[in-house]
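let's see this in three dimensions:
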Amino acid sequence: MLQPNLRATAPRLDASLHAAATVNDLFEAIAPVLVEDGATFAFDGALEKRHARAIWIWLARDVGPDLLDSAGRDPGVGGLEAIAPPLLARAREIVAAARPGSDAELRLKAQIGAGHAWDRVPVMLGALKCLPLFGKAIAFGRAINAIEDESALIAALESMPRHDAKLSALLMMAAMGQVAAPGRIVLAAISIAGGETETALERAGFSPLVEAILAQAQNLVPHIRQTGVFADIDLACRAIERFHRLLSAVNVYVELTHQGRWSSTIGGLIRSASADLEPRLRQLPSDVNRSLRRARDAADRLDAEGLLAALNGVYLLGAVRECRDSLALNEAFDEAWVHAGERLEFHLTRTMDALRETPGDTILAERLDVGIKMAEVRFGADYADALRTGRDAAIRRSSGG
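As a prediction, the model looks like this:
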């Protein structure tokens, strides 16, 4: 009795392994609309990785294992694009037959798993349909950056499809990932719509554009959230700056409906990003103080991790300063700006004095070098240059120069 069952389940096991092995090919194919897991707001043009993975394994394992086999063990993006049309045809038939609340729907939900992945199946099917179009959408986004004439920008935007909201959502998501100045494209949409209100933009078919901007902003929050001494602080700062440009494109130029979807989404994104940044700003004065302070009761040593944490915090402080209008951090920023500045100035003065007394002390010199980098962000280039001049003079004296 056991042998037939084993033979019956072997193909399904092989199909599962093959499906899982091609997830990376899928991610590459739909990368323009793929976003990090844990998104608070769902958009028709964006698909979380966990949902994409679960839906793809269902498609490849249960809907079209023969199609995936025909594409080979390592199909690549081209292979997935080739099997997408027949795979979509089968999937749509299965989804259409699974009426809400039916046993068929419950079975499909169980097969797909991954929480709310079933609700995102239409987005996944739309993404597979758009595989041949993503390259064009990306090229459109890049071309927008080179268009200086506003009338030409408006004409370019009018060429993007708006009659199909689902299709437009995916293509706008792919394009907006490339647009350097989202505010310009929002202004072009307002000109086409004949009004800056949320209602005017919706009627003109530009909801997918605005929601693509918000989806791109939401996908930056995990990069802003990085913590730890060895976090990629450059990436975090770039994410804060991009987050600000994206939200400002909507917040500044669109007349939002009070308590409307866009307004609520923006408020939620601001709260989320700010909640991640606030404790790090409040910690900064202590980090600066601890990292630049000389040991009192023991031999002096360089706190490399402490210095890196403080320097990273100052870089974050500088990024937040430029983007305050898109964050809810006024109180935390003001306190960090003042108190970190006071402690930085105090320790730089003491370290410089100590270096003049013992100019050959390499620990003092290294600590001062990092402090000068902090000072350049907090006090400006002229202040930092003056400190470098003083440091260099002290070092020359030590070498008899």
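
so what's residue 112 up against?
Under the criterion of C-beta atoms under 8 Å, 6 or more residues apart in numbering, the neighbours of residue 112 are 54-55, 58, 118, 121. (Each C-beta comes from the backbone N, C-alpha and C, glycine too.)

contacting residues for residue 55?
Taking C-beta under 8 Å, 6+ apart, we find residue 55 in contact with 112, 114, 117, 120-121, 124.

CSV for these, including distance to residue 282 and secondary structure?
Output for these, formatted as CSV (distance: C-beta to C-beta, whole Å; DSSP: H, G, I helix; E, B strand; the rest coil):
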residue, distance to residue 282, secondary structure
112, 42, helix
114, 36, coil
117, 38, helix
120, 37, helix
121, 43, helix
124, 41, helix
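
pLDDT and distance to residue 313 added to these, as a markdown table?
Output for the contacts of residue 55, formatted as a markdown table (pLDDT from 0 to 100; distance: C-beta to C-beta, whole Å):
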| residue | pLDDT | distance to residue 313 |
| --- | --- | --- |
| 112 | 90 | 42 |
| 114 | 64 | 36 |
| 117 | 91 | 38 |
| 120 | 95 | 37 |
| 121 | 96 | 43 |
| 124 | 97 | 40 |
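
now the buried members of these.
112, 114, 117, 120-121, 124 (16 or more other C-beta atoms under 10 Å).

can you put those in JSON lines and add distance to residue 304?
Formatted as JSON lines, the buried ones among the contacts of residue 55 follow (distance: C-beta to C-beta, whole Å):
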{"residue": "112", "distance to residue 304": "48"}
{"residue": "114", "distance to residue 304": "42"}
{"residue": "117", "distance to residue 304": "44"}
{"residue": "120", "distance to residue 304": "45"}
{"residue": "121", "distance to residue 304": "50"}
{"residue": "124", "distance to residue 304": "46"}
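
out of those, which comes closest to residue 186?
Closest to residue 186 out of the buried ones among the contacts of residue 55 is residue 120 (26.6 Å), distances taken as C-beta to C-beta.

pLDDT below threshold where in this structure?
Where the chain drops to pLDDT under 70, the residues are 1-14, 114, 297-298, 398-401.

longest helix of it?
helix 261-292 (DSSP state H).

next one: residue 115 from residue 238, what distance?
Going from residue 115 to residue 238 by C-beta to C-beta, to the nearest Å gives 30 Å.

so where do the strands sit in the stretch 1-150 of the chain?
Assigned by DSSP state E, counting those that start in this stretch, the stretch 1-150 of the chain shows strands spanning 34-35, 47-48.

among the ones you listed, which is nearest residue 135?
Counting by C-beta to C-beta, residue 135 lies closest to strand 34-35 out of those; the figure is 15.2 Å.

can you name the residues in contact with that closest one?
Contact partners of strand 34-35, identified using C-beta under 8 Å, 6+ apart, comprise 27, 46-49, 52, 215, 218-219.

mind putting the residues you listed in CSV, neighbour count and distance to residue 370 included?
Formatted as CSV, those follow (neighbours: other C-beta atoms under 10 Å; distance: C-beta to C-beta, whole Å):
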residue, neighbour count, distance to residue 370
27, 15, 39
46, 26, 40
47, 26, 42
48, 22, 39
49, 16, 37
52, 25, 42
215, 27, 38
218, 25, 34
219, 22, 32
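
in helices only, show me these.
27, 49, 52, 215, 218.

and the residue lying closest to residue 384 once chain neighbours are set aside, what element?
Using C-beta to C-beta, 6 or more residues apart in numbering and skipping the chain neighbours, the partner closest in space to residue 384 is residue 376 (3.7 Å). Assignment of secondary structure by DSSP states H and E places residue 376 within helix 362-378.

before we move on, back to that, for the contacts of residue 112, give me CSV that also has distance to residue 310.
Shown next, in CSV, are the contacts of residue 112 (distance: C-beta to C-beta, whole Å):
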residue, distance to residue 310
54, 42
55, 44
58, 48
118, 47
121, 47
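
now, among those, which is nearest to residue 342?
For the contacts of residue 112, the minimum distance to residue 342 (C-beta to C-beta) is 51.7 Å, reached by residue 54.

contacts for the helix or strand residue 192 falls within, please.
In this assignment (DSSP H and E), residue 192 forms part of helix 182-193. Helix 182-193 is contacted from outside by 144, 150, 153-154, 157-158, 176, 179, 196, 200-201, 203-204, 206, 209-210, 213, 245-246, 248-250, 252-254, using C-beta under 8 Å, 6+ apart.

try 7 Å
With C-beta atoms under 7 Å, 6 or more residues apart in numbering as the test, helix 182-193 has contacts from 144, 153-154, 157-158, 176, 179, 196, 200-201, 204, 206, 209, 213, 245-246, 248-250, 252-254.

which ones among those residues lie within helices?
144, 153-154, 157-158, 176, 200-201, 209, 213, 245-246, 248-250.

and the chain, what are its domains?
Per the record, the chain has its domains at 2-129, 132-219, 266-398, by automatic domain parsing.

tell me which of those sits nearest to residue 230.
Nearest to residue 230 among the domains of the chain is domain 266-398; the distance by C-beta to C-beta comes to 7.8 Å.

flag every buried residue along stretch 364-381.
Going by neighbour count (16+ other C-beta under 10 Å), the buried part of stretch 364-381 is 364-365, 367-368, 370-379.
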